[in-house]
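Novice: Have a look; sequence and predicted model below, questions after that.
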Amino acid sequence: GAGVSQTPSNKVTEKGKYVELRCDPISGHTALYWYRQSLGQGPEFLIYFQGTGAADDSGLPNDRFFAVRPEGSVSTLKIQRTERGDSAVYLCASSLGTPSDTQYFGPGTRLTVL
Amino acid sequence: SQQGEEDPQALSIQEGENATMNCSYKTSINNLQWYRQNSGRGLVHLILIRSNEREKHSGRLRVTLDTSKKSSSLLITASRAADTASYFCATDASQFYFGTGTSLTVIP
């Protein structure tokens, strides 16, 4: 079946703008994760959904970052008042159930804030 | 903060040689997973080893886990140029933590 997909693949925006990044998980996966990866670093956990609810959002860096998953499938990561430091690759992953299960990653969205 | 730390940060070997990467972590885990990443985009799951396992094999991959030392190693045997990538360990403490990665270059 189809893997995890993310759109857009690249997003260039100006400082102060609002952006939305979309993730389509593997069908039937109840768990969904967002990570942020800067150049030369490992993925940094942002938020984990179990179904429609955020089971752990402790990785969100500040209140400019918000994510939703209203129907328990597609998720949107929203960043308000973007800053240059938000530039990174944003990765989404999904798994059958819990963080102890194998996570399947999408190709990522490269966000560049000018 | 990141729980896992890979060692070495970079490794360059000739095709056909074996590559060994190590991962250390800080807290108790349920399992440890290794991932590969090409060109800074999507990660590919390689292998999962549970906390009650000591060694696991998958094709040319061999993973060991020592929970007393809080460390794991990934061995790639008979390396190929296509193995060139970054390799990350990930642990499932309260969140899901990735290490900083080992950049492997296999020279044809």
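Specialist: Nice, thanks for sending it over.
Novice: from chain A, which residue is nearest to chain B?
Specialist: For chain A, the residue closest to chain B is residue A:42, as judged by C-beta to the nearest C-beta, at 3.7 Å. The C-beta positions use only the backbone N, C-alpha and C, and glycine is treated the same way.
Novice: Provide a list of residues in contact with the residue nearest to that residue when sequence neighbours are not counted.
Specialist: Spatially, and ignoring its direct neighbours in sequence, residue A:42 is nearest to residue B:98 (3.7 Å; C-beta to C-beta, 6 or more residues apart in numbering or on different chains). By C-beta atoms under 8 Å, 6 or more residues apart in numbering or on different chains, residue B:98 lies in contact with A:35, A:42-45, B:2, B:4, B:35, B:88-90.
Novice: What's the local residue count around the residue of chain A closest to chain B?
Specialist: Residue A:42: 25 surrounding residues under other C-beta atoms under 10 Å in any protein chain shown.
Novice: Show the pLDDT at the residue nearest to residue A:42.
Specialist: Looking at residue B:98, its pLDDT reads 83.
Novice: mind checking how far the residue of chain A closest to chain B is from residue B:97?
Specialist: Going from residue A:42 to residue B:97 by C-beta to C-beta, to the nearest Å gives 8 Å.
Novice: ok, and the closest non-adjacent residue to residue A:5?
Specialist: Of all residues not flanking residue A:5 in the chain, residue A:24 sits nearest, at 4.5 Å (C-beta to C-beta, 6+ apart).
Novice: Just confirm that neighbour contacts residue A:6, I think it does.
Specialist: Yes. Contact criterion C-beta atoms under 8 Å: residue A:24 and residue A:6 qualify, at 7.5 Å.
Novice: residues in contact with the closest residue in space to residue B:53 that isn't next to it in sequence?
Specialist: Nearest-residue entry for residue B:53: residue B:65, 6.2 Å, with adjacent residues in sequence omitted and distances by C-beta to C-beta, 6+ apart. Counting by C-beta under 8 Å, 6+ apart, residue B:65 touches B:32, B:49, B:51, B:53-56, B:71-72.
Novice: Confirm that residue B:65 sits in a strand.
Specialist: Yes. Looking at residue B:65 with DSSP: H, G, I helix; E, B strand; the rest coil, it is inside a strand.
Novice: With residue B:28 as the reference, measure out to residue B:68.
Specialist: For residue B:68, the distance to residue B:28 - C-beta to C-beta - is 11 Å.
Novice: Return the residues of chain A in contact with chain B.
Specialist: Neighbours of chain B within chain A, by C-beta under 8 Å from any C-beta of the partner chain: A:33, A:35, A:37, A:39, A:41-45, A:48, A:56, A:58-59, A:89, A:91, A:93, A:99-100, A:102-108.
Novice: So which residues of chain A form helices?
Specialist: Using DSSP state H, no helices are assigned anywhere in chain A.
Novice: how about residue 83, phi and psi?
Specialist: Going with chain A. phi -120, psi 160 (degrees, to the nearest 10).
Novice: um, chain B though
Specialist: phi -80, psi -10.
Novice: Now residue B:105: closest residue in space that isn't a chain neighbour?
Specialist: Leaving aside its chain neighbours, residue B:105 sits nearest to residue B:12 (4.5 Å; criterion: C-beta to C-beta, 6+ apart).
Novice: For residue B:34, see how far away the one you found is.
Specialist: Counting by C-beta to C-beta, the gap from residue B:12 to residue B:34 is 19 Å.
Novice: I am finished for the moment; much appreciated.
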